[in-house]
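Asker: No sequence on hand, only this structure:
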């Protein structure tokens, strides 16, 4: 094959679980992603398996996301949420009976929600095991990311914390998928020199960088971003392809902005009578998204009704265009390289289905056209590429991320800089605890594990991102402060007073991820 295409989807959500509330607004982040992204991806994979399609892609499932997908409480709440969506669609079918355009869309949503429920029930509500099956069958390469998606360069001044984020993620991946991960999505594709030391310790063989992280490597890479480079300790870095990224992500040129596609923001949760939609809102006291949206993207204030057939035609056309553009790249690159070029196309998984409603169909159209309409390009995972082409240039990547301006500005700025001095103190104290109690048992061991969980949760990159974006700043600020305050209290109890067993049990029940977390990783 003259060339390869590697599609990498990054599925991650922050750990949000609030058993103390019957219904909690931010838990809807998970429920929306399951309905609109994760279940549709499984439906696509089922279609590829049914049709014996030789297509594959790479999927990172973050440890926090897996923990939520496996949690009995959240699974039970999602089941209720999905039943509620079907009830709402049935109400909409009755309400729109005399308006054909809206009635047909109401029936479409009812059908899609029922399909989602069938898929959910088929896998008994265990999506982690469902994705594991497709990895075992060769349709997926599942990779991990840092334990709570901590931005590693911003905690690199405390190397033990970088090590703990990576090794905890490796351990959790083992418990979910019965094997070790060979690839990792560095949170926000953020790299600074030294992180590969801990990747190698965890047995990880490759990671992904933004384009300039590879192009600014030392020495300069001979093949640009169209072949991986090896860091000096042998861990491979793959660079994101600029052109394939622009065609999907670009604000002005990206496919999701086509006016035939469904508008994300216009939802009946904001349009219809409040008492009518109230039982189906993520927060009963506030308007919000229900998932039923009747309008398509237009540049004018007067939105036009969404036409599903036209949107699917657009997705097919864009899949054809995307494939043609990649083939043109391959034809241009092949004479210049002494090896098959690889085009690495990484995206947030939630773009496909949640933000870009037709995104899953785009992926399906692309895979089917690629497998049946041409013979110059094949889908491959980065791990497979390294097996086929194990010899690559050695170079040290440049510090980088895929955030604004290519570095750390999104996660370190005037809105969130206050977090890091507190994290630094907590990280140093965690190392002191690991050295002081290397082999604790009983109540002390439980407290040490919980201290590790609270520190990991405080390190999540999601909180500074939300503070910068301004979407739910009060919630993000509270989460950082709560985790740090719990850590401080646990440190105080372990070093100066005694462990409060009742209080410890309460916070263990709330922040219950990573049951076997190893606090000695901070030693």
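Answerer: Good, I have the coordinates. Here the structure is a predicted model, which is why all the values come from computation and not from measurement.
Asker: In the record's domain split, what are the boundaries for the protein?
Answerer: Per automatic domain parsing, the domain ranges recorded for the chain read 3-405, 412-522.
Asker: chain center to the shortest one: distance?
Answerer: Right, the one you point to is domain 412-522. In terms of Cα atoms, centre = their mean, to the nearest Å, the centre of domain 412-522 is found 22 Å from the chain centre.
Asker: on that earlier part again, now tabulate the domains of the chain in TSV and tack on mean pLDDT and mean neighbour count.
Answerer: C-beta: built from backbone N, CA, C; applies to glycine. What follows is the domains of the chain, written out as TSV (pLDDT from 0 to 100; neighbours: other Cβ atoms under 10 Å):
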stretch	mean pLDDT	mean neighbour count
domain 3-405	95	19
domain 412-522	97	18
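Asker: can you give me the strands in the chain?
Answerer: Secondary structure of the chain, counting by DSSP state E: strands at 3-11, 57-61, 140-145, 183-185, 206-209, 229-230, 236-239, 342-348, 377-379.
Asker: For residue 250, find the nearest of those strands.
Answerer: When the strands of the chain are compared by Cβ to Cβ, strand 342-348 sits nearest residue 250, at 12.4 Å.
Asker: Counting by contacts, list what the closest one packs against.
Answerer: Applying 3 or more Cβ pairs under 8 Å, 6 or more residues apart in numbering; DSSP states H and E, we find strand 342-348 packed against strand 3-11, strand 236-239, helix 242-249, helix 308-333, helix 382-388.
Asker: Span of stretch 497-513 from start to end?
Answerer: 26 Å (Cα to Cα, to the nearest Å).
Asker: Please work out which residues outside that stretch touch it.
Answerer: With Cβ atoms under 8 Å, 6 or more residues apart in numbering as the test, stretch 497-513 has contacts from 15, 17-20, 63-64, 67, 71, 443-444, 446-447, 450, 453-454, 457, 483, 486, 489-490, 493.
Asker: Contacts only, for the residue sitting furthest away from the middle of the chain.
Answerer: Taking Cα atoms, centre = their mean, the residue of the chain most remote from its mean C-alpha position is residue 98, at 40.8 Å. Residues counted as contacts of residue 98 (Cβ under 8 Å, 6+ apart): none.
Asker: Dihedrals phi and psi, it?
Answerer: The phi and psi values for residue 98, taken as degrees, to the nearest 10, are phi -100, psi 10.
Asker: gap between residue 521 and residue 245?
Answerer: Going from residue 521 to residue 245 by Cβ to Cβ, to the nearest Å gives 34 Å.
Asker: one step back: among the helices and strands packed on strand 342-348, which is nearest residue 463?
Answerer: So among the helices and strands packed on strand 342-348, strand 3-11 is nearest, using Cβ to Cβ, at 18.0 Å.
Asker: What strands flank the closest one, and is each parallel or antiparallel?
Answerer: strand 57-61 (parallel), strand 342-348 (parallel), strand 377-379 (parallel) (DSSP bridges).
Asker: In a markdown table, list the strands of the chain along with distance to residue 332.
Answerer: Putting the strands of the chain into a markdown table (distance: least, Cβ to Cβ, whole Å) gives the following:
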| stretch | distance to residue 332 |
| --- | --- |
| strand 3-11 | 10 |
| strand 57-61 | 24 |
| strand 140-145 | 27 |
| strand 183-185 | 27 |
| strand 206-209 | 22 |
| strand 229-230 | 21 |
| strand 236-239 | 17 |
| strand 342-348 | 11 |
| strand 377-379 | 13 |
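Asker: among those strands, which is nearest residue 165?
Answerer: Nearest to residue 165 among the strands of the chain is strand 140-145 (9.1 Å), distances taken as Cβ to Cβ.
Asker: Please list the residues outside the closest one that contact it.
Answerer: Residues outside strand 140-145 that contact it (Cβ under 8 Å, 6+ apart) are 8, 10, 12, 45, 56-63, 131-132, 134-135, 169-170, 172-173, 177, 181-187, 381-384.
Asker: Kindly report the same for stretch 210-224.
Answerer: Here stretch 210-224 makes contact (Cβ under 8 Å, 6+ apart) with 189, 191, 225, 227, 229, 237-242, 245, 337, 339, 341, 393, 395-402, 406.
Asker: ok, back up a step: dump the strands paired with strand 3-11 to a markdown table, plus distance to residue 161.
Answerer: Below are the strands paired with strand 3-11 laid out as a markdown table (distance: least, Cβ to Cβ, whole Å):
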| stretch | distance to residue 161 |
| --- | --- |
| strand 57-61 | 21 |
| strand 342-348 | 25 |
| strand 377-379 | 36 |
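Asker: between those strands, which gets nearest to residue 479?
Answerer: strand 342-348 (20.7 Å).
Asker: Can you check what angle separates that closest one from helix 242-249?
Answerer: 30 degrees (axes from the mean of the first three to the mean of the last three Cα atoms, to 10 degrees).
Asker: what's the angle from strand 342-348 to helix 308-333?
Answerer: Angle of strand 342-348 versus helix 308-333, following the same axes, to 10 degrees, is 150 degrees.
Asker: for strand 342-348, the distance to its chain's centre please.
Answerer: In this view, strand 342-348 has its centroid 14 Å away from the chain centroid, taken as Cα atoms, centre = their mean.
Asker: who touches that strand?
Answerer: Residues outside strand 342-348 that contact it (Cβ under 8 Å, 6+ apart): 3-10, 12, 185, 189, 208, 225-228, 238-241, 244-245, 248-249, 326, 329-330, 380, 382, 385.
Asker: hmm, try it at 6 Å
Answerer: By Cβ atoms under 6 Å, 6 or more residues apart in numbering, the surrounding residues in contact with strand 342-348 are 4-10, 208, 238, 240-241, 244, 326, 385.
Asker: same deal with stretch 465-485?
Answerer: Taking Cβ under 6 Å, 6+ apart as the criterion, the residues outside stretch 465-485 that touch it are 26, 410, 413, 415, 416, 419, 422, 454, 457, 458, 463.
Asker: Please tell me how far the residue nearest to the last one when sequence neighbours are not counted sits from residue 370.
Answerer: In this structure, residue 463 finds its nearest non-sequential neighbour in residue 476, 4.4 Å apart by Cβ to Cβ, 6 or more residues apart in numbering. Applying Cβ to Cβ, one obtains 40 Å for the distance of residue 476 from residue 370.
Asker: now do residue 327
Answerer: In terms of Cβ to Cβ, residue 327 sits 9 Å off from residue 370.
Asker: What residues does the nearest residue to residue 376 once chain neighbours are set aside make contact with?
Answerer: Once flanking residues are discounted, residue 376 sits nearest to residue 2: 5.2 Å by Cβ to Cβ, 6+ apart. The neighbours of residue 2, taking Cβ under 6 Å, 6+ apart as the test, are 330, 334, 340, 376.
Asker: Most widely separated two among the residues you listed?
Answerer: 340 and 376 (10.1 Å).
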